[in-house]
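In: dropping the sequence and predicted coords here.
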Amino acid sequence: MTTIHTLGYPRIGADRELKKALEGYWRGDLNRAALESAASAIRLAGWQAQREAGLDFVTAGDFSLYDHVLDTSAMLGAVPPRFGWQGETVDIDTLFRMARGRAPSGAPAPACEMTKWFDTNYHYLVPELHADMTFRLASPRLFDEVAEARAEGHRVKPVLLGPLTWLWLGKCRDGEFDRLTLLDRLLPVYGEILQRLAAQGVEWVQIDEPILVLDLPGEWRAAFEAAYNRLSGAGPKTLLTTYFGGLEDNLHLACHLPVDGLHVDLARAPRQLEPVLDKLPAWKVLSLGILDGRNVWRADPDPLLARLRPVTGRLGDRLWLAPSCSLLHVPQDLGRETGLDDELRGWLAFARQKLDELQLLRTALDAGEAAVDAELTAARAAANGRRHSARIHRPAVAERLAAVTPAMGRRGTPFAERYARQQAWLKLPPLPTTTIGSFPQTAAIRATRRDWRRGQLDDATYRRRMQAEIAEAIRRQETLRLDVLVHGEPERNDMVEYFGEQLGGFAITEHGWVQSYGSRCVKPPILYGDVFRPAPMTVDWIRYAQSLTERPVKGMLTGPVTILNWSFVRDDQPRRETARQIALALRDEVQDLEAAGIRVIQIDEAALREGLPLRRGEWQAYLDWAVNAFRLTAGGVDDGTQIHTHMCYADFHDILPAIAAMDADVITIETARSHMELLEAFRAFDYPNAIGPGVYDIHSPNVPTVEEIHALLRRAAERIPLERLWVNPDCGLKTRDWPEVEAALAAMVAAARRMREARISGAA
């Protein structure tokens, strides 16, 4: 019999129960017992879904109250001293202070740095590493979850983040040192974890080592052999899991590590199947990530079965089937999407449906296709219908793409000339202050949008209320004396979903939530066909905002690469072609904003770095088309129109030439949690255009002081010439409350004013 399992399951709950419980606990509306009860209910429901689908194991340890990398740090006792942890176990408030800087108990402290999990839109908390740090088992949560699942009668496969991946993801905090020197201190704790799991009756443990799909230095490859030789035999059987790409030059290493099984991602790297089969020792289990764990398309069973049949004959009961990676990255259940039409629903599979697809494939392999004839017929019909559907392809879109020329992606003059012309019109002071775009999404704003969508509010009333919110945002910004204003985005639910709702070729779900970080969830649109813009999307709102003030108001757009990377994207054409389609649609919007008198336009590319392939050899091809898509979006404006872009939570050191090639007049970036470290790269590269480094962390409820922001600005001024330095928060402010926002922005404006005065006096 073929074994079926999953590497992980969505953990926010079908109705975002975890989000509601977490935010209730942070506000003080729920106590700790109520939070833990809500978390337990989500886990139990996920395990029951896996059992009902016929999986051979349920996966434990994939659940988290905030982030699984943070949980691993807690389990290892890797808590930075500033959080004041001195207990035997890491309690949840210490965990939340590490994640957010604040919790219901304990003193506030600067939160841990957050960045993207490989090339996904999920954010993890970066482990902080010190040369003299020690480790000990400091959290029982994994063992408690295993006991909880076993008490329900489930056969449990716990999951651990592997020791090498945890170290790789960490950042040295007291000067650079060889992170691998910590491995000898780390491995005894992993050995203790495995021994305790064995004592609980666990048969198999899943150990995630996704860095095996990266370009690894030789010393890290050698460390894998040493580490897993030490862990061998310490407890249950071990399934080493890799995902998000192919093993390539690490294939021999991964196949021959002393583990009992290996999982590989065939959705991202289908060509690695035969080499793995040739290299894997005859006694090891091979788990094939046969279904795409990061996209929502229903599988076409015939090509999958054609690939799997010879593998079944070769491996027998050593064959396991799974999604390519954790299902954390897809929505939970398609069954709740009653608003999608039947044709589109037939093309899709969310997490719960992917479990059923595993069972279908196993039954077809083990019992024969006749045993699931009806299910296979339905899946084949859906795949064929999607291939030939008239709603996928639009000749007008193809014709427009064919007419694109290189000149359409170029600005008329170099940055220095453009910037002088822009300054002559904008008349901004040195160190101009601005925000990234969004302001707090209050309960009243959300209720207005909800009632309008449900038809309980007419268009005129909706428009009047949104204009009132915009007017209030403008009033507050003028009171704060910000230099370049935004309209606050009250009409927008999300920076990608909002545009997906208005662009042709997209579908929007009602309940298709996925976790971005902590309690933050997003609802990625489904990009199923050719993209076009039926009508202007933002112009009326921005024009209205600009009519309320003499100060410039930014037009706010999400860029083509970010819309692409933060959507569930069609897989029937290259991603670069889809990006160009989005770029042309947005180009129309940019030109309409300019025609409406908007002279500052921000085109956010928060996900440009995120989409970078994991292997360096594939970078340039991606960067070429990603940069060209941005330039195609922005290239049609007059030189007097100032183009901004924003990027967040990414390491840009290796791609600064590509960022410079985007030729945005101003780039705003996340730098507060990393204390402006990123600006060293911009200085070393001699980045030519204007930069706005984030001066406070909007993902924490802590309000910065004038002195703290001023210190960061002084550090920034050491790296960026003052005439090209902007002042802004790290990111949008939609998740914060107005009292926090106004206090923080007042401090930001005061710090910028202090810097200007110091510059005039010659003391900056």
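Out: All right, it came through fine.
In: alpha carbons only for contacts and neighbour counts from here, please
Out: Noted.
In: lowest-pLDDT helix or strand in the chain?
Out: Scoring the helices and strands of the chain by mean pLDDT, DSSP states H and E places helix 679-685 at the bottom, with a mean of 76.
In: buried residues in that one, which are they?
Out: For helix 679-685, a neighbour-count test (16 or more other CA atoms under 10 Å) marks 679, 681-682 as buried.
In: ok, stretch 460-476 next?
Out: 462-463, 465-467, 469-471, 473-474.
In: so for that stretch, what's the average pLDDT?
Out: Summarised as a single mean, pLDDT over stretch 460-476 is 96.
In: same check on stretch 147-156?
Out: 98.
In: got the contact list for it?
Out: 44, 47, 51, 56-60, 146, 200, 202-204 (CA atoms under 8 Å, 6 or more residues apart in numbering).
In: of those residues, closest to Ala583?
Out: Thr59 (40.6 Å; CA to CA).
In: against Arg421, how distant is the closest one?
Out: 59 Å (CA to CA, to the nearest Å).
In: now swap in Tyr124 and tell me
Out: Taking CA to CA, one finds Tyr124 at 41 Å from Arg421.
In: who has more neighbours, these two?
Out: A direct count of neighbours by other CA atoms under 10 Å for Tyr124 and Arg421 places Tyr124 higher, at 23 against 16.
In: got the contact list for the more buried one?
Out: 67-70, 114-117, 517.
In: what secondary structure does it sit in?
Out: strand (DSSP: H, G, I helix; E, B strand; the rest coil).
In: and it, what are its bridge partners?
Out: Taking DSSP bridges as the rule, Tyr124 bridges to Thr115.
In: tell me how far it lies from His511.
Out: Taking CA to CA, one finds Tyr124 at 23 Å from His511.
In: same check, this time on Asp483
Out: Relative to His511, and taking CA to CA, Asp483 is found at 39 Å.
In: show residues contacting the least confident helix or strand of the chain.
Out: Outside helix 679-685, the residues touching it (CA under 8 Å, 6+ apart) are 652-653, 656, 671, 693, 716, 719-720.
In: for Ala370, what are its contacts?
Out: Contacts of Ala370 (CA under 8 Å, 6+ apart): Ala364.
In: ok, Val189 to Phe177 distance?
Out: In terms of CA to CA, Val189 sits 21 Å off from Phe177.
In: who has more neighbours out of these two?
Out: For the pair Val189 and Phe177, the greater number of neighbours falls to Val189 (19 against 14), based on other CA under 10 Å.
In: just say helix, strand or coil for the more buried one.
Out: Going by three-state DSSP: Val189 is helix.
In: for Pro331, same thing?
Out: Assignment for Pro331 (three-state DSSP): coil.
In: was I right about it contacting Pro10?
Out: Yes. Under the criterion of CA atoms under 8 Å, Pro331 makes contact with Pro10 at 7.2 Å.
In: just put the buried residues of helix 679-685 in JSON lines and tack on distance to Lys20.
Out: Listed next are the buried residues of helix 679-685 as JSON lines, based on distance: CA to CA, whole Å:
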{"residue": "Leu679", "distance to Lys20": "36"}
{"residue": "Ala681", "distance to Lys20": "39"}
{"residue": "Phe682", "distance to Lys20": "39"}
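In: of these, which is the nearest to Glu399?
Out: Nearest to Glu399, judged by CA to CA, of these is Phe682 at 39.3 Å.
In: quick check: that closest one vs Pro657, distance?
Out: Phe682 is 10 Å from Pro657, by CA to CA.
In: which neighbours do these two share?
Out: In contact with both Phe682 and Pro657: no residue, using CA under 8 Å, 6+ apart.
In: what helix or strand does Pro108 sit in?
Out: Pro108 belongs to no helix or strand when elements are defined using DSSP states H and E.
In: skipping adjacent residues, who's closest to it in space?
Out: Arg102 (4.7 Å; CA to CA, 6 or more residues apart in numbering).
In: what's the answer for Phe506, then?
Out: Leu527 (4.5 Å).
In: mind checking the SS state of that neighbour?
Out: Per three-state DSSP, Leu527 ends up strand.
In: pLDDT score assigned to it?
Out: Here the pLDDT value assigned to Leu527 is 98.
In: and it, how close does it get to Gly692?
Out: 32 Å.
In: distance of the closest residue to Tyr243 other than its chain neighbours relative to Met495?
Out: The shortest distance from Tyr243 to any non-neighbouring residue, by CA to CA, 6+ apart, is to Asp265 (5.0 Å). With distances taken as CA to CA, Asp265 is found 30 Å from Met495.
In: the two: who's more crowded?
Out: Higher neighbour count among Asp265 and Met495: Asp265, with 29 against 22, using other CA under 10 Å.
In: hmm, Leu240 and the more buried one touching each other?
Out: No. Asp265 is not in contact with Leu240 according to CA under 8 Å; the separation is 12.0 Å.
In: picking that back up, which neighbours do Pro331 and Pro10 share?
Out: With CA under 8 Å, 6+ apart, Pro331 and Pro10 have common neighbours 351, 514.
In: ok, these two, which is more surrounded?
Out: Shown here are Pro331 and Pro10; by other CA under 10 Å, Pro331 has more neighbours (28 against 24).
In: give the next helix or strand downstream of the least confident helix or strand of the chain.
Out: strand 690-693.
In: convert the C-alpha atoms of that following strand to PDB, please.
Out: Coordinates of the C-alpha atoms in strand 690-693 are reproduced here as PDB (Å, rounded to 0.1, in the frame of the first residue of the first chain):
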ATOM      1  CA  ALA A 690      16.300  58.700  -3.600                       C
ATOM      2  CA  ILE A 691      15.700  56.300  -0.600                       C
ATOM      3  CA  GLY A 692      13.200  56.400   2.300                       C
ATOM      4  CA  PRO A 693      14.400  53.900   4.900                       C
END
